[in-house]
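> Show me how the following folds:
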Amino acid sequence: MMFNWLSLVTGLFYIVLGIVVIIYKFFFTILEPGVAYAMGGLLIVYGIFRIYRAVAKIKKSKDEE
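Below you'll find the model as predicted:
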């Protein structure tokens, strides 16, 4: 159960990281704008996917109880 909540927090972290990469165009090195937008977008999409998966698992575990 704790893993599901940790997955939610991790998903939020990925979304915030994606936004930071898009705004500052930096991820361990200075990025070109196109690369920054693509990488930031992928990080945001992955964060949304992690949150969706965690919410689905939390709902499933509550239904089983």
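> who touches the residue positioned nearest the centre of the chain in this structure?
For the chain, residue 47 is the residue whose C-alpha lies nearest the centre (Cα atoms, centre = their mean; 1.7 Å). Contacts for residue 47 (Cβ atoms under 8 Å, 6 or more residues apart in numbering) come out as 10, 11, 12, 13, 14, 15, 16, 17, 18. Using the backbone N, CA and C atoms, a C-beta is placed for each residue, glycine as well.
> Going through the residues you listed, which ones are buried?
Buried members of those, counted by 16 or more other Cβ atoms under 10 Å: 10, 11, 14, 15, 17, 18.
> any idea which element the spatially closest residue to the fifth one that is not a sequence neighbour lies in?
Distance criterion Cβ to Cβ, 6 or more residues apart in numbering; nearest residue to residue 17, sequence neighbours excluded, is residue 43 at 5.3 Å. Using DSSP states H and E, residue 43 maps to helix 33-64.
> any idea of the mean pLDDT for that helix?
Here helix 33-64 scores 92 as its mean pLDDT.
> buried stuff in it?
36, 39, 40, 43, 44, 46, 47, 50, 51, 54.
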